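[1] What follows is a predicted protein model with its sequence.
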Amino acid sequence: MDGDDMLVLEDDPYRKIRFAGETVPPLQALDGDGRVIGLGTFAKLVAPGLRLGWVIATPDVVARMAVMKADGGTCPFTQRMLIEYCRAGRVELDIRDRVRTYRAHRDVMAQAVREYLPEASFALPQGGY
């Protein structure tokens, strides 16, 4: 396989969980040839264990993936509920709540490290879990 045949898979479940700093663009923002396939999951944004997500890729890549898709037991009812949840605008509201909660957890953790491990150095996370 040469470089012309290679695709890049960007698994990015935490992009929307951002506390501070500038948003880091996905690899797809740098991709002019349609070689980057972006993946996301609702498990990190809506509910742990929810095995539903999305793919962002060129139409031909998505079509090839759809042909190979093997459904490992994803419930159609759960899929339908998630569609309605998204249409109602709940995802963005819940992301804001999670960001607020995880930022507070991060701040408590950072304060504990500063207090109980003053010799330790660390970078204050700007996002994620």
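    Yep, it's here.

[2] Please count neighbours and contacts with C-alpha atoms only from this point.
    OK.

[3] where does the protein have its least confident helix or strand?
    helix 59-68 (a mean of 89; mean pLDDT, DSSP states H and E).

[4] What residues of the next helix or strand after it count as buried?
    Scanning forward in sequence from helix 59-68 by DSSP states H and E, the next helix or strand is helix 76-87. Of all the residues in helix 76-87, those buried under the rule 16 or more other C-alpha atoms under 10 Å are residue 82.

[5] ok, what's across the strand from residue 11?
    residue 39 (DSSP bridges).

[6] Do I have it right that it meets residue 36?
    No - the criterion here is C-alpha atoms under 8 Å, and residue 11 misses it with residue 36 at 10.3 Å.

[7] more crowded one of these two?
    residue 36 (22 against 14; other C-alpha atoms under 10 Å).

[8] Now that one: closest residue in space, sequence neighbours ignored.
    Counting by C-alpha to C-alpha, 6 or more residues apart in numbering, residue 36 lies nearest to residue 8, which is 4.7 Å off, once chain neighbours are set aside.

[9] May I see the buried residues of stretch 34-43?
    35, 36, 37, 38, 40, 41, 42.

[10] quick one: the fifth one and residue 16 touch, right?
    Just to be clear, that refers to residue 40. No - Residue 40 lies out of contact with residue 16 (C-alpha under 8 Å); the separation is 10.0 Å.

[11] mind checking how far residue 37 is from residue 9?
    The spacing between residue 37 and residue 9, counted by C-alpha to C-alpha, to the nearest Å, is 5 Å.

[12] before we move on, what about residue 129?
    For residue 129, the distance to residue 9 - C-alpha to C-alpha - is 21 Å.

[13] next one: residue 122
    29 Å.

[14] okay, these two: which has more neighbours?
    residue 9 (15 against 8).
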